[in-house]
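1. I would like to see how this sequence folds:
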Amino acid sequence: MDECERSADGEIDSIDYGVGLTVGHSGSGTSAAGISPASVLRATAYPLLLLAVVLVGASALVLRWDPAIVSPLFLVGTLTYLAILEQLIPYDRTWHPGKDEWRWYGVYFLLTMAGSALAQLLVTAAVGWISAEERSHHLWAEIPGALLAGSLVSYLVHRLGHTSAILWRLHGVHHVPQKVNVASNGVNHVLDIVLAQSLVQLTLALAGFSRSAVLVTGLFVVAQGYFVHANIDVRIGRFNHLLASPEQHRLHHSTDLSEAGHYGSDLSCWDHLFGSFTWRPGREPAAVGLHDPASFPATGEILAGLLHPWRRRPKPGP
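-> Model prediction:
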């Protein structure tokens, strides 16, 4: 791929938070004194996002903000931030959505939000919102526990979505786009969202995590979910072994199934534990999308995509 499509300023800069700042990896000769604004932005984009999670989460707890207001506003802020970054430091300029794609992605985004709301309703109706109002354990011990529990369930459901023929007919809708960007993260079958989020929320509710812990964990998961899909040239180096990143998730969307692991969109520990971690420095997919594009309706065929799980499979040949 032409390097000019990979960077906002015509350079491919490598940011490795694990070993320090490396600028001008492509051999452009940029010195420390001549660091470009784009290079600085690549280095600070992800830390700023994580800082926003901490600040918003802490403020919500201290000031007792209503989660029903905090979560949607944080989602809008995250989308806006990452959408701006996609224009300033794009990984691949050809992955920017076209006019038609924006319309399709918008409809799918509304369906995804509806699926999330339905999942919450189902969990509430099944067990009630049984998370404790007041935490019984120290909050900073609860938050890692809630994150690990929710992340594990999300990982398992996601992996089943790829390995189960039935669940793949739902989850495969998400892999139809041949681009990976913030907007395409909303391309999902509504039942796929209902299933995944219901199981995660049910696990957290039954485990008895407090609402405060669930709120803070939810902010991080939202930020991560959209960050890993962002069409931005940000590299986190050795932290890839701890946290999911766009570098990993582009491989997850690869048409080469041998490298399409990385089922975790927040933590990397489960991919390591279950052998689905395939990232290495500099590894990039040749193409993203479905291995067999003809197996699903196109993204613009929204109704056909929603009805796809019930479409009769063609009979195998002789």
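2. CA only for contacts and neighbour counts going forward, please
-> OK.
3. Low-confidence ranges, the stretch 101-250 of the chain, go.
-> When residues are selected by pLDDT under 70, those of the stretch 101-250 of the chain lie in 127-137.
4. Just the helices from the chain, written as ranges.
-> Taking DSSP state H to define them, one finds helices in the chain at 37-62, 67-88, 99-127, 139-163, 165-171, 190-207, 211-227, 246-252, 269-273, 302-307.
5. State the distance from Arg311 to Trp168.
-> Spatial separation of Arg311 from Trp168 under the definition Cα to Cα, to the nearest Å is 13 Å.
6. Those two - which one has more neighbours?
-> Applying other Cα atoms under 10 Å to Arg311 and Trp168 shows that Trp168 carries more neighbours, namely 18 against 11.
7. List the contacts of the residue nearest to the more buried one when sequence neighbours are not counted.
-> With Cα to Cα, 6 or more residues apart in numbering as the measure, Gly161 is the residue that lies nearest to Trp168, at 4.8 Å, once sequence neighbours are left out. Neighbour list for Gly161: Leu167, Trp168, Leu170, His171, Gly172 [criterion: Cα atoms under 8 Å, 6 or more residues apart in numbering].
8. Likewise for Pro177?
-> Counting by Cα under 8 Å, 6+ apart, Pro177 has contacts Ser184, Val288, Gly289, Leu290, Ala298, Thr299.
9. a markdown table for those, including distance to Trp140 and neighbour count?
-> Compiled in a markdown table, the contacts of Pro177 are given as follows (distance: Cα to Cα, whole Å; neighbours: other Cα atoms under 10 Å):
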| residue | distance to Trp140 | neighbour count |
| --- | --- | --- |
| Ser184 | 33 | 29 |
| Val288 | 38 | 20 |
| Gly289 | 39 | 20 |
| Leu290 | 40 | 21 |
| Ala298 | 44 | 14 |
| Thr299 | 42 | 22 |
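10. Out of these, flag the one nearest to Leu147.
-> Nearest to Leu147 among the contacts of Pro177, counting by Cα to Cα, is Ser184 at 24.4 Å.
11. Looking at Trp270 now. What's its pLDDT?
-> If you check Trp270, the pLDDT there is 97.
12. before we move on, what about the one 10 residues further on?
-> pLDDT, the model's per-residue confidence, is 93 for Arg280.
13. How about the contacts made by the residue nearest the centre of the chain?
-> To find the centre residue of the chain, average its C-alpha atoms and take the closest one (Cα atoms, centre = their mean): that gives Gly225, at 2.5 Å. Gly225 makes contact with Asn185, Ser265, Asp266, according to Cα under 8 Å, 6+ apart.
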